[in-house]
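J.: Coordinates for the following, if possible.
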Amino acid sequence: METIKTEIKENKMGTAPVGGLIAGMAVPAMFSMMVQALYNIVDSFFVAKISQEALTAVSLAFPIQSLLVAFGVGTGVGINSLVSRRLGERRKKEANSAATHGLLLGLVNWALFALFGLFFARRFIEGFSTDPTVIEDGTRFVQIICIFSFGVFVEINVEKTLQATGNMIYPMVFQLIGALTSLILDPIFIFGWFGVPAMGVPGAAIANVLAQCIAMCVSLTVLMKKKHEIEVNFRGFRPDFKIVREIYAVGIPTIIMQSIASVMVMGMNLILVRFTDTAVALFGIYFKLQSFVFMPVFGLMQGMMPILGYNYGAKKQPRMVQAIRIGLVVSALIMAAGVLLFWVIPGPLLLIFEASPEMVQIGVPALQIISLCFVPAAVGITFSTVFQALGKGVYSLAISLLRQMIVLLPAAHLLAHLSLNAVWYAFPIAEIFSLAASLLLFRCVYRACIRTMPLSSSAAPVRLAADAREH
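T.: Next comes the predicted model:
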């Protein structure tokens with residue numbers, strides 16, 4: 001019985017005070033996300049110094065970059081959700097198997113994008129521009145980030161696996177290594193410093209993938225050499241399609257959910273290009289700037305998800321409710337700060353990217369109008385994380401579809417008949433609809449899955465006793 005008690009206390013996610021636990025797990029993720037947001041801005045800052053055509057090329061490539069990350073993060077979220085639930089249920093062997101499958105799934109994702117980069121990159125860019133410079137730079141950028149994407153896919157899955165155990169420090173280190181390496185290599189490869197040939201826009205892509213590969217090597221070393229609550233072992237390994245199915249029960253809706261953003265950007269680019277290429281470049285800049293607001297919230301959610309998944313598996317309802325409340329309050333405060341930033345200094349924010357007078361003129365009202373959706377988005381993002389942690393990724397998908405496809409693009413298309421400024425109002429309009437749907441779906445999930453949970457669970461000790469007898 002002594003062994004069982006020690007085992008129960010082993011994971012902090014089921015025992016530590018929830019507020020401090022979220023702070024301890026979320027702050028490292030939030031910090032690394034802020035560094036990533038800084039990289040996104042500095043990357044475009046360097047590219048903007050080449051020309052506006054270069055900035056447009058990177059903006060047109062952004063949906064493919066986002067799609068690539070969507071596949072990586074979606075698969076990682078599925079792994080995170082499954083591993084944390086299995087650890088909460090004391091099913092360590094299945095948690096280990098899910099982690100092992102994760103590495104292989106990363107390579108499968110890489111193969112898909114490598115094929116796209118080889119055969120479809122140019123066709124994609126040509127669908128949005130007739131400018132030869134934009135087409136050439138955009139094509140080479142997409143080819144490089146896709147063909148050499150194995151680094152980001154493997155690193156993300158290792159990162160999400162470790163987060164599922166409650167370890168947020170190593171994932172933070174991996175992200176920092178990738179972002180800081182990119183920051184250092186970007187100007188070297190773009191402008192040709194230290195004897196390296198000046199490569200322009202393709203240089204930014206090369207710096208990106210080199211940084212991802214370095215982060216991947218570090219993450220694999222930590223995963224294989226350090227001691228963790230999970231173990232990855234390929235000895236005698238056989239793919240189990242039941243585990244793959246469980247990973248993608250959450251992963252596929254998350255992939256689709258994040259891919260919707262790429263489709264939305266492509267759709268908005270098609271709407272905006274009817275006004276001017278500057279509007280397309282501006283929209284690309286908006287996404288870089290809003291990452292400073294959204295990335296900390298996503299970092300908070302990274303810290304929350306394993307806590308929610310673990311305590312759902314362990315059937316500890318009060319801890320789940322407390323975590324959700326904290327997530328709602330903190331994310332809303334971060335978003336409110338973002339609204340204030342976009343309303344007070346929109347012009348200086350745009351000038352970071354060498355914005356032309358025309359871009360500043362259309363960009364200031366754009367940033368102010370779009371930012372109206374930030375605070376309602378905090379609620380949707382928090383509830384989406386709850387749905388994913390509970391294995392109900394389809395609900396998260398429904399919210400994203402409503403926000404970024406079903407309402408946003410049709411609204412933007414209709415408002416485009418009025419003026420360019422009117423187009424930006426599609427964002428707060430879509431957020432109102434998605435907020436209502438988020439509240440409705442959360443009410444259903446709360447009644448069905450959370451409110452009915454017992455205040456404590458005796459299942460874990462019973463399972464642990466059975467496991468102890470087996471070993």
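J.: going forward, measure contacts and count neighbours with C-alpha atoms only.
T.: Will do.
J.: which one is the most centrally placed residue in the chain nearest to, not counting chain neighbours?
T.: In the chain, the residue lying closest to the centroid (CA atoms, centre = their mean) is Val73, at 5.6 Å. Once flanking residues are discounted, Val73 sits nearest to Ile156: 6.5 Å by CA to CA, 6 or more residues apart in numbering.
J.: Show me the contact partners of the helix or strand hosting that neighbour.
T.: Ile156 is part of helix 150-164, with elements assigned from DSSP states H and E. Residues outside helix 150-164 that contact it (CA atoms under 8 Å, 6 or more residues apart in numbering) are 69, 72-73, 75-77, 79-81, 83-84, 99, 102-103, 106-107, 109-110, 168, 170-171, 174, 209, 212-216, 219-220, 223, 228, 302-303, 306.
J.: Now list the buried members of those.
T.: 69, 72-73, 75-77, 79-81, 83-84, 99, 102-103, 106, 109-110, 168, 170-171, 174, 209, 212-216, 219-220, 223, 302-303, 306 (16 or more other CA atoms under 10 Å).
J.: just to revisit the earlier point, helices - which of the contacts of helix 150-164 land there?
T.: 69, 72-73, 75-77, 79-81, 83-84, 99, 102-103, 106-107, 109-110, 170-171, 174, 209, 212-216, 219-220, 223, 302-303, 306 (DSSP state H).
J.: Any regions of the protein where pLDDT drops low?
T.: The model of the chain has pLDDT under 70 over residues 1-11, 14, 36, 39-40, 453-471.
J.: quick one: the residue nearest to the centre of the chain from Asn80, how far?
T.: 10 Å (CA to CA, to the nearest Å).
J.: same deal with Asp137?
T.: Distance from Asp137 to Asn80, by CA to CA: 36 Å.
J.: before we move on, what about Glu159?
T.: Taken as CA to CA, the span from Glu159 to Asn80 is 9 Å.
J.: Isn't Val375 up against Met335?
T.: Yes. Counting by CA atoms under 8 Å, Met335 is a contact partner of Val375 at 5.2 Å.
J.: Which one's more surrounded, the two?
T.: Between Val375 and Met335, counted using other CA atoms under 10 Å, the more crowded position is Met335 (24 against 19).
J.: pretty sure that one is touching Phe294, no?
T.: Yes. Counting by CA under 8 Å, Phe294 is a contact partner of Met335 at 7.4 Å.
J.: Find me whatever residue is spatially closest to Val339, sequence neighbours aside.
T.: Leaving aside its sequence neighbours, Val339 sits nearest to Ser371 (CA to CA, 6+ apart; 5.3 Å).
J.: make that Gly327, sorry
T.: Here the residue nearest Gly327, using CA to CA, 6+ apart, is Thr382, at 6.4 Å.
J.: Name the helix or strand for Lys288, please.
T.: With DSSP H and E as the test, Lys288 turns up in helix 277-313.
J.: Helix 150-164 and that helix, what's the angle between them?
T.: In terms of direction (axes from the mean of the first three to the mean of the last three CA atoms, to 10 degrees), helix 277-313 departs from helix 150-164 by 40 degrees.
J.: how far is helix 277-313 from where the chain is centred?
T.: Computed by CA atoms, centre = their mean, to the nearest Å, the chain-centroid distance of helix 277-313 equals 6 Å.
J.: Would you mind pulling up the elements that the helix or strand following it packs against?
T.: Downstream of helix 277-313, the first helix or strand assigned by DSSP H and E is helix 317-344. The contact analysis (3 or more CA pairs under 8 Å, 6 or more residues apart in numbering; DSSP states H and E) places helix 317-344 against helix 18-48, helix 277-313, helix 357-370, helix 374-389.
J.: what about 10 Å?
T.: helix 18-48, helix 277-313, helix 346-351, helix 357-370, helix 374-389 (3 or more CA pairs under 10 Å, 6 or more residues apart in numbering; DSSP states H and E).
J.: what would those helices look like in TSV with distance to Arg325?
T.: Formatted as TSV, the helices and strands packed on helix 317-344 follow (distance: least, CA to CA, whole Å):
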stretch	distance to Arg325
helix 18-48	10
helix 277-313	11
helix 346-351	31
helix 357-370	26
helix 374-389	9
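J.: Nearest to Val196, out of these?
T.: Closest of the helices and strands packed on helix 317-344 to Val196 is helix 18-48, at 16.1 Å (criterion: CA to CA).
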